[in-house]
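Undergrad: when you get a sec, could you give me coordinates for this:
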Amino acid sequence: MKREHYKHLFLLTLATVFISTSGALGKYIDMPPPVVIWWRCALAGLFLLLYCRFQKIKLRLISKNDRASFLIAALLMGGHWITYFFALKLSNVAIGMLSLFTFPVITAILEPLFFRTKFDVIHIFLGAMVLLGVYILAPDFNIENSQLQGVLLGILSAILYATRNLMLKQKASSYHGSVLMFYQVAILSVLLLPTLFLFDTTGIISEYPFVILLALLTTAIGHTMFVNSFKHFKVSTASIIGSSQPVFGIVIAFLFLNEVPNWNIIFGGSLIVFTVIIESVRSK
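TA: Residues are numbered from 1 along each chain as shown. Modelled structure (predicted):
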């Protein structure tokens, strides 16, 4: 039992590392965010379809009622990705990612409303520590400040992300994670198709290697592994462990984009890592 727990914990952490590449890639890819998201969804959908066929994972819906759930989940995920990428463009990887990671607090507050369970005071406390890390990074409150706009968009992205995760928790026991992700990216590929005619798409000629990496590693593999973790952890537990994403993302941005973190980022990141360690132990 203990070995199985550590195995699932390792896979959840690995998924977190893969998803963390979204910050550097989202900042680096020089295309409008809605166009990037369309390519991300279209390619990820293709990868997931091939994987499901290879593994003989059935894509058939168990219930017709799931159509509405998948549609809403796709809309929430699309909104989460687009607002997050705009946050990265307006600020930087550190601020964009850390502002997004208010979502464990939001998840901890919303989860009892979704599943009629009691509030876990510890989750509120741990989530507050993550929020403190974001507060340390927040610039002066000036709505014209692009960094503040990035923080606000990051928080909006967090609300959409937390709600989507809680919705999928109810479906994770019935569907394989690859199936859940396939339907979401497939739906978004259709809904975002008009963006190819509204925005400049010529950037794909030079950016396609990074878009493929975003679709395959970050989305098809990382997000599928993260959704699969809902079978073994509470959503709030997975969310708080996933809060190490900004730390990994900042390291990746430092290595590949030369974004040097200051002491505020280091201190805020340390709070997040400490939170992850506590929740990793408690999750048993």
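Undergrad: mind pulling up the pLDDT for residue 280?
TA: On pLDDT, residue 280 comes in at 64.
Undergrad: cool, and residue 14?
TA: On the pLDDT scale, residue 14 gets 90.
Undergrad: now swap in residue 251 and tell me
TA: 88.
Undergrad: which parts of the longest helix seen in the chain are buried?
TA: The residue-count maximum for a helix in the chain (DSSP state H) belongs to helix 2-28. Under the neighbour-count criterion of 16 or more other CB atoms under 10 Å, helix 2-28 has 8-9, 12-13, 15-27 buried. C-beta coordinates here come from the backbone N, C-alpha and C atoms, glycine included.
Undergrad: one more: stretch 173-180?
TA: 175, 176, 177, 178, 179, 180.
Undergrad: quick one: average pLDDT of it?
TA: Here the average pLDDT along stretch 173-180 is 83.
Undergrad: before we move on, what about stretch 17-33?
TA: The model assigns stretch 17-33 a mean pLDDT of 91.
Undergrad: ok, the nearest residue to residue 192 once chain neighbours are set aside - how many residues close by?
TA: Nearest residue to residue 192, sequence neighbours excluded (CB to CB, 6 or more residues apart in numbering): residue 38, at 4.2 Å. Neighbour count for residue 38, taken as other CB atoms under 10 Å: 27.
Undergrad: tell me what the helix or strand encompassing residue 38 is packed against?
TA: Using DSSP states H and E, residue 38 sits within helix 33-54. Contact here means 3 or more CB pairs under 8 Å, 6 or more residues apart in numbering; DSSP states H and E; on that basis helix 33-54 packs against helix 66-90, helix 177-191, helix 195-198, helix 204-213.
Undergrad: residue 88 contacts residue 28, correct?
TA: No: the criterion here is CB atoms under 8 Å, and residue 88 misses it with residue 28 at 9.3 Å.
Undergrad: how about residues contacting the strand or helix carrying residue 265?
TA: Per DSSP H and E, residue 265 falls inside helix 263-282. When contacts are defined by CB atoms under 8 Å, 6 or more residues apart in numbering, helix 263-282 is touched by residues 9, 94, 98, 101, 122, 126, 129-130, 132-134, 136-137, 237, 240-241, 243-244, 246-247, 250, 261.
Undergrad: any idea how far it is from the chain center?
TA: Helix 263-282 has its C-alpha centroid displaced from the chain centroid by 18 Å (CA atoms, centre = their mean, to the nearest Å).
Undergrad: how many other residues sit next to residue 65?
TA: Residue 65, neighbours per other CB under 10 Å, totals 8.
Undergrad: and what of the one 10 residues further on?
TA: Using other CB under 10 Å, residue 75 has 16 other residues around it.
Undergrad: now the residue lying closest to it once chain neighbours are set aside: how far from residue 32?
TA: Residue nearest to residue 75 in three dimensions, not counting chain neighbours: residue 191, with 7.6 Å by CB to CB, 6+ apart. Distance of residue 191 to residue 32, computed by CB to CB, to the nearest Å: 16 Å.
Undergrad: out of the two, which sits in the busier spot?
TA: residue 32 (19 against 15).
Undergrad: good, wrapping up.
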